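Enquirer: Sharing a model prediction with you, sequence too.
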Amino acid sequence: MKILEAQNALLSNFEVFEFLTERQEQLGKQKQNQSRRRGPGTLETLIQELLLYFQSPPSPLSQQPVTYSTDAVTQLVKRLREFDLAKGELLMILNMRPQTPAQLHACVEEVEGRLDEDKQSQLLDIVSEVLGHFPVEETVEGEEMEEA
């Protein structure tokens, strides 16, 4: 196999999730119709493991119902154009769905020098507005520390 164009396109976790969900449905139909050629056994395991990973907290795709959609992704990218973010930074924002300035710092390089606090707040508001608010499960670390 020969790679013709390295990193021609980047895929978000949502796009991979969507593809794997469709692929799993296809594999389920193929099981019913055994006359078709079957993929390698590890493919089914890989798909199941990846879907389980995407649907497990703290992944934003674990929220039920999933608030991500093709339209939401397109709308988010359009609304974030004004912030002059790199493709990789947009992808990180889409995958991580930041809700706090600390999470935003993990997504955007040198965010304090590039965006003031108002712009950071505006960016986080856009993410919450387009993708919905992601309820973070609060772990009670204090109680866990006391038990130990």
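Expert: Right, received. Where do you want to start?

Enquirer: Let me know the pLDDT of the residue positioned nearest the centre of the chain.
Expert: Centroid check for the chain by CA atoms, centre = their mean gives Asn95 as the closest residue, at 3.0 Å. Listed pLDDT for Asn95 reads 88.

Enquirer: Quickly find the element holding it.
Expert: helix 87-96 (DSSP states H and E).

Enquirer: Name the residues that touch that helix?
Expert: Under the contact criterion CB atoms under 8 Å, 6 or more residues apart in numbering, helix 87-96 has outside partners 10, 12-14, 60, 73, 76-77, 80, 85, 103-104, 106-109, 123, 127. Glycine gets a C-beta too; all of them are placed from N, C-alpha and C.

Enquirer: quick revisit: how far away is the residue nearest to the centre of the chain from Ser12?
Expert: According to CB to CB, to the nearest Å, Asn95 stands 6 Å off from Ser12.
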